[in-house]
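Peer 1: just need the structure, nothing else, for what follows:
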Amino acid sequence: MPSPSLPAPRAPTPACYLLTHVVGVPLILACLAWWTQDSGLDMRIARALFDPALDDFPLHASRWLELLGHRIVLALPIGVGLAAAGAAVASFRIPAWRRWRGVALAVAATCLTGQLLINQLKHHTMLPRPYDLETLGGYTPYPVHWWTWARARAGGALPSGHAGAGYALLSLYFAGWALGRPAWRWAGLAVGVAGGVGFSAVRILQGAHFLSQTIWSAALMWLLAAVFFYPLIAGRTAGGPPRAPGVS
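Peer 2: The predicted model follows:
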């Protein structure tokens, strides 16, 4: 006898979604980032990677890491965001793509807004890159304050753009959830975490970022994805298809 089909997963209530995904996960990541910096773990990792004999981080000038982990990686969220935006626009001409429109717009918004916001925040936070600190071969003392309105005093490293580029792929987790595809959802989570951790590791090894700076990027990208996908996940009817803006 054929096994009975499983019931369609219920959409989370708005309150549950807000508490867990919009507030809960970003808050946990933010606390982890704060602890990583405040406990001194940031500096312990940086000092372990620093070579006093070279007065620099050995992988700072690695050509392969610079090319793959620094230059090319930033094209990832922009490319994914533009491709998703293109799919959303094409859905107005291709009827079969209309059910994907809301998801495509949310992915595009997460990827593109994330990079813009990270770029702006860097100009108002003071924590520098490890290799810029005077104790690690650089020129600047460890800052006393967190925020600054003067761009000339900004550290230019918090949050990490490269970590954010990887964590932008967390939007695939929410996309799979919105589409009611559990396999896509968890695969998207794996891809997003792997991308973010991988790109973070490259920049940490180069002395270009502290661990806490990359965790702040994860918190920010999760928050953005959770907010943009809210109407498609918590705002839909239980078991129903995702709602795309402008589609009845």
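
Peer 1: and the closest residue to Arg153 other than its chain neighbours, backbone torsions?
Peer 2: Once flanking residues are discounted, Arg153 sits nearest to Met126: 6.4 Å by CB to CB, 6 or more residues apart in numbering. To be clear about C-beta, it is placed using only N, CA and C from the backbone, and glycine gets the same treatment. Note on Met126: backbone dihedrals following degrees, to the nearest 10 are phi -100, psi -20.

Peer 1: how many residues are close by Met126?
Peer 2: 19 (other CB atoms under 10 Å).

Peer 1: that one touches Pro143, doesn't it?
Peer 2: Yes - applying CB atoms under 8 Å, one finds Met126 in contact with Pro143, separated by 4.0 Å.

Peer 1: what sits in contact with each of the two?
Peer 2: Counting by CB atoms under 8 Å, 6 or more residues apart in numbering, the shared contacts of Met126 and Pro143 are Gly155.

Peer 1: so what's the residue nearest to Arg153 scoring on pLDDT?
Peer 2: pLDDT, Met126: 93.

Peer 1: contacts for stretch 183-202 next, please.
Peer 2: For stretch 183-202, using CB under 8 Å, 6+ apart, the contacting residues are 65, 68-70, 73, 76, 160, 162-177, 209, 211, 214, 217-218, 221.

Peer 1: could you give the mean pLDDT of stretch 199-217?
Peer 2: Rounded mean pLDDT across stretch 199-217 is 95.

Peer 1: buried residues in it?
Peer 2: 199-217 (16 or more other CB atoms under 10 Å).

Peer 1: kindly report the same for stretch 152-167.
Peer 2: Neighbour-count burial for stretch 152-167 [16+ other CB under 10 Å]: 154-155, 157-167.

Peer 1: do stretch 94-103 as well
Peer 2: Here stretch 94-103 shows 97, 100-103 as buried, counting by 16+ other CB under 10 Å.

Peer 1: where exactly do the strands run in the chain?
Peer 2: Here the chain has no strands by DSSP state E.

Peer 1: what distance do you get for the residue nearest the centre of it to Leu205?
Peer 2: Nearest to the mean C-alpha position of the chain, by CA atoms, centre = their mean, lies Tyr167 at 2.9 Å. According to CB to CB, to the nearest Å, Tyr167 stands 18 Å off from Leu205.

Peer 1: repeat for Ile78
Peer 2: In terms of CB to CB, Ile78 sits 24 Å off from Leu205.

Peer 1: pull the longest helix along the chain out as PDB, backbone CA atoms only.
Peer 2: Identified as the longest helix of the chain according to DSSP state H is helix 182-205. Provided in PDB are the C-alpha atoms of helix 182-205 (Å, rounded to 0.1, in the frame of the first residue of the first chain):
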ATOM      1  CA  PRO A 182      12.700  21.600   2.700                       C
ATOM      2  CA  ALA A 183      15.700  20.100   0.700                       C
ATOM      3  CA  TRP A 184      16.400  23.400  -0.900                       C
ATOM      4  CA  ARG A 185      16.000  25.200   2.500                       C
ATOM      5  CA  TRP A 186      18.600  23.100   4.300                       C
ATOM      6  CA  ALA A 187      20.900  23.000   1.300                       C
ATOM      7  CA  GLY A 188      20.700  26.800   1.200                       C
ATOM      8  CA  LEU A 189      21.600  27.000   4.900                       C
ATOM      9  CA  ALA A 190      24.600  24.700   4.300                       C
ATOM     10  CA  VAL A 191      25.800  26.800   1.300                       C
ATOM     11  CA  GLY A 192      25.300  30.100   3.200                       C
ATOM     12  CA  VAL A 193      27.200  28.900   6.200                       C
ATOM     13  CA  ALA A 194      30.000  27.300   4.200                       C
ATOM     14  CA  GLY A 195      30.400  30.400   2.000                       C
ATOM     15  CA  GLY A 196      30.400  32.800   5.000                       C
ATOM     16  CA  VAL A 197      32.800  30.700   7.100                       C
ATOM     17  CA  GLY A 198      35.100  30.000   4.100                       C
ATOM     18  CA  PHE A 199      35.400  33.700   3.000                       C
ATOM     19  CA  SER A 200      35.800  34.700   6.600                       C
ATOM     20  CA  ALA A 201      38.600  32.300   7.100                       C
ATOM     21  CA  VAL A 202      40.500  33.600   4.100                       C
ATOM     22  CA  ARG A 203      40.400  37.200   5.400                       C
ATOM     23  CA  ILE A 204      41.200  36.200   8.900                       C
ATOM     24  CA  LEU A 205      44.300  34.300   7.700                       C
END
